[in-house]
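> model this:
(chains A and B)
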Number of protein chains: 2
Amino acid sequence: VSEFKFIYSELANIKNDDSVALGVGDDAAVINPPEGYQLVQTMDTMVEHIHFDERFDAKALAHKLLHVNLSDIAAMGAIPKWATISLATPHFEQKWLSEFAIAIQKNCQEYGVNLIGGDTTKTTQTGPLTVTLNLTGIVKQAQSTKSTSQSYLTRSNAQIGDDIYVSGTLGDAALALTEAGFENSALCEKLLYPEAQVVLGQQLLSEDIANSCLDISDGLLADLNHICRQSQAGVGQVGVEKVSADITVENVPISTAYKAYFSSQQLDLNWDFALNGGDDYQLCFTANADKRKSVESLAENLGVQISRIGRITPAKKLEASHFQESINLFLHGELYVCQRTGWEHA
Amino acid sequence: VSEFKFIYSELANIKNDDSVALGVGDDAAVINPPEGYQLVQTMDTMVEHIHFDERFDAKALAHKLLHVNLSDIAAMGAIPKWATISLATPHFEQKWLSEFAIAIQKNCQEYGVNLIGGDTTKTTQTGPLTVTLNLTGIVKQAQSTKSTSQSYLTRSNAQIGDDIYVSGTLGDAALALTEAGFENSALCEKLLYPEAQVVLGQQLLSEDIANSCLDISDGLLADLNHICRQSQAGVGQVGVEKVSADITVENVPISTAYKAYFSSQQLDLNWDFALNGGDDYQLCFTANADKRKSVESLAENLGVQISRIGRITPAKKLEASHFQESINLFLHGELYVCQRTGWEHA
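Predicted coordinates for the structure are as follows:
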């Protein structure tokens, strides 16, 4: 019964666009997909104590829940359109629910996302509060089957010789989880309010720049490793070459707050948070070397930092990475070995 | 990392149909919606200790999670097509995960549902295990805007004079939650393995039989109350009449196991579990009286029990229902008052 109260009072007045034939309030929502588009669908869950802590109020949680999913849609180069949300909460607290509902609607509207339904249930008395969002986006269908241009970006199309890029800066969110980072507002901002690179993803697709793309949620190395592994398309076919990546560690983008964190503690700069931290929600993509000018223009036009950090290479015996099977790291020309072994929060 | 192991080992070999351009394994899935169809989307969550107990093994949970969502799709008259799943589990137990993955795939295949992605995360050590499924279905777009036939079923189109029907039998699942019902295998079967009325919903739409429809998940009275309330479309407009429902309690369908439960305990038959129990996942629909022959034929063709239990009436002062605002109950011609006040598990 509380579920209905929440749905009707908080979500019944949502302003949706014409694509929504029937929104919140029936057994299911009905939407009109635009003709000539494919649908792109992703779902992510955030669990209290696992993915977020007491620093997250309703507003921050709503923001991050949407952006975690927006980031997956961005990685495909898609336009986000329709969301369903599930809330499993230990108690129906009207104030919190209102704040969450208002924040999620505001965030959705900012990105043209229609909130079309979901579920609100009780969980056990001690929680944990658990929130799930399913996000559906759209991409234009390829004009012709003979066209070489992709209708969406994938992890599996990196080419030998491709440059490797990342957007934004990495590692701040991971530092915000350390004892000293906990109270650092610049670092916390990145943990609580990541901004998914939705427009960047769309442009990387529409300008035909990226050969492969994914979002960095598990850490640069773990995610880049997915690109390497999954770009060996047709493994087992004759003549298919496996691919690796060479990364120039000093080119991995880190923020002023990241550098200040270590100097304030009189510690040497530690690259591992940037390389393995996770929770960054930036894009990592690969592109042919003849796209360097296009990438520069794009960065300038969007006002987004984009850093070239390495190159896709033919697979070779790896020398330095004791856990990443496909990546060689170099710091100032020397082989570099990571201390940490990747992000395992989920 | 465990998430990826699960996704790749258990779900990578899913057999999907041609509508899936890109399935599990990238940042998001890509699907090709068929032209001329609208999309129907629903999402439901099940939480351990709240929605299911120790009687649910991985197989039962997978079955019920899908059917709870199928039931919403059925209530719209839609064809289920694509599912994403989120699992928040206290520990990654390979055996349980395998059983769950195999069962969910088997259930999905049986209903032509493509499993296209999702999320697997840890929850806190003590749980509760929390599972969410987002299901997207399709319905044919109305041929012409002048056509009076609906392209999907809703709660909001019941007409005064409509007969009220329900499928199957009601109340068994609710009885299975009582102390004496806990060990009764016939009752438990209905709690653990409800069968959503997918084909019935589709036929009620395509044969243009039902004016309104929903699935009974919160109990007959609570759900029928939604039909009454939401069928007052245009509240505030001049001439719009509010609607109520008259229910003939002895016509509400109950199973042999339901009757045996009370006689075995030497108790008078109690209708409240059937009226308010919830968790039934049968359809309640209303139809014009001239559709009675069609309903009978449909029941016979599908081998589904369909019972006529009442009628939609003009709104009137209600005499018997102390909690349902729109429903009058009659048992053998006498006004009947419910003991329980509805299902509030979520």
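
> every contact and neighbour count from this point should use C-alpha atoms.
Will do.

> for the stretch 201-346 of chain A, which segments count as helices?
A:220-230, A:256-264, A:272-276, A:292-302 (DSSP state H, counting those that start in this stretch).

> of those helices, which is nearest A:Gln202?
Put simply, out of the helices of the stretch 201-346 of chain A the one that sits nearest A:Gln202 is helix A:292-302, at 11.2 Å, with distance taken as CA to CA.

> hmm, who's touching that closest one?
With CA atoms under 8 Å, 6 or more residues apart in numbering or on different chains as the test, helix A:292-302 has contacts from A:Leu200, A:Gln203, A:Ile209, A:Gln305, A:Ile306.

> returning to that earlier point: CSV for the helices of the stretch 201-346 of chain A, including mean pLDDT, mean neighbour count and distance to A:Thr123?
As requested, these are arranged in CSV below (pLDDT from 0 to 100; neighbours: other CA atoms under 10 Å in any protein chain shown; distance: least, CA to CA, whole Å):
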stretch, mean pLDDT, mean neighbour count, distance to A:Thr123
helix A:220-230, 93, 24, 32
helix A:256-264, 95, 15, 37
helix A:272-276, 95, 24, 33
helix A:292-302, 98, 14, 42
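
> would JSON lines of these with distance to A:Val30 be doable?
Converted to JSON lines, the helices of the stretch 201-346 of chain A look like this (distance: least, CA to CA, whole Å):
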{"stretch": "helix A:220-230", "distance to A:Val30": "35"}
{"stretch": "helix A:256-264", "distance to A:Val30": "45"}
{"stretch": "helix A:272-276", "distance to A:Val30": "41"}
{"stretch": "helix A:292-302", "distance to A:Val30": "34"}
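
> wait, which of those helices is closest to B:Leu66?
Proximity of the helices of the stretch 201-346 of chain A to B:Leu66 was assessed by CA to CA; the nearest stretch is helix A:220-230, lying at 30.0 Å.

> quick one, strands of the stretch 201-346 of chain A?
If you assign secondary structure with DSSP state E, counting those that start in this stretch, the strands in the stretch 201-346 of chain A sit at A:210-216, A:243-248, A:282-287, A:306-314, A:327-331, A:334-335.

> get me the contact residues on the stretch 101-250 of chain A for chain B.
A:117-124, A:127-128, A:132, A:134, A:154-155, A:214-215 (CA under 8 Å from any CA of the partner chain).

> relative to A:Thr45, which of those is nearest.
When these are ranked by distance to A:Thr45 (CA to CA), A:Thr132 comes first, at 4.2 Å.

> what is the burial count for the residue nearest to the closest one when sequence neighbours are not counted?
Counting by CA to CA, 6 or more residues apart in numbering or on different chains, A:Thr132 lies nearest to A:Thr45, which is 4.2 Å off, once chain neighbours are set aside. Taking other CA atoms under 10 Å in any protein chain shown as the neighbour definition, A:Thr45 ends up with a count of 26.

> which SSE is A:Thr45 in?
Secondary structure assigned from DSSP states H and E places A:Thr45 in strand A:37-47.

> mind listing residues that contact that strand?
Outside strand A:37-47, the residues within contact range by CA under 8 Å, 6+ apart are A:52, A:65, A:68-69, A:72-73, A:76, A:78, A:128-141, B:27-33, B:84-86, B:88, B:117-119, B:121-123.

> and if we set it to 7 Å?
Outside strand A:37-47, the residues that touch it by CA atoms under 7 Å, 6 or more residues apart in numbering or on different chains are A:65, A:69, A:72, A:78, A:128-141, B:28-33, B:84, B:86, B:117-119, B:123.

> what do you get for stretch A:254-265?
Under the criterion CA under 7 Å, 6+ apart, external residues in contact with stretch A:254-265 comprise A:Thr169, A:Leu170, A:Gly171, A:Asp172, A:Ala186, A:Leu187, A:Asp268, A:Leu269, A:Ala274.

> starting at the chain centroid, how far to that stretch?
23 Å (CA atoms, centre = their mean, to the nearest Å).

> again with stretch A:250-258
Computed by CA atoms, centre = their mean, the separation of stretch A:250-258 from the middle of its chain amounts to 18 Å.

> now do stretch A:274-282
When C-alpha coordinates are averaged (CA atoms, centre = their mean), stretch A:274-282 and its chain have centres 9 Å apart.

> one step back: elements contacting the next helix or strand after the strand holding A:Thr45?
Secondary structure here is assigned by DSSP H and E; on that basis, the next helix or strand after strand A:37-47 toward the C-terminus is helix A:58-75. Helix A:58-75 is packed against strand A:37-47, helix A:94-110, strand A:130-140, helix A:198-206, strand A:210-216, with contacts defined by 3 or more CA pairs under 7 Å, 6 or more residues apart in numbering or on different chains; DSSP states H and E.

> I'd like the mean pLDDT over helix A:58-75, please.
Per-region confidence: helix A:58-75 scores 98 on mean pLDDT.

> can I get it in CSV, CA atoms only?
C-alpha atoms of helix A:58-75 as CSV (Å, rounded to 0.1, in the frame of the first residue of the first chain):
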residue,chain,number,x,y,z
ALA,A,58,18.9,11.0,-1.1
LYS,A,59,20.0,13.5,-3.6
ALA,A,60,23.5,12.1,-4.1
LEU,A,61,22.1,8.5,-4.3
ALA,A,62,19.6,9.5,-7.0
HIS,A,63,22.3,11.3,-8.9
LYS,A,64,24.8,8.5,-8.8
LEU,A,65,22.2,5.8,-9.5
LEU,A,66,21.2,7.5,-12.7
HIS,A,67,24.8,8.4,-13.8
VAL,A,68,26.1,4.9,-13.2
ASN,A,69,23.6,3.7,-15.7
LEU,A,70,24.0,6.8,-18.0
SER,A,71,27.7,5.9,-18.2
ASP,A,72,26.9,2.5,-19.7
ILE,A,73,24.6,4.1,-22.2
ALA,A,74,27.3,6.7,-23.0
ALA,A,75,29.8,3.9,-23.6
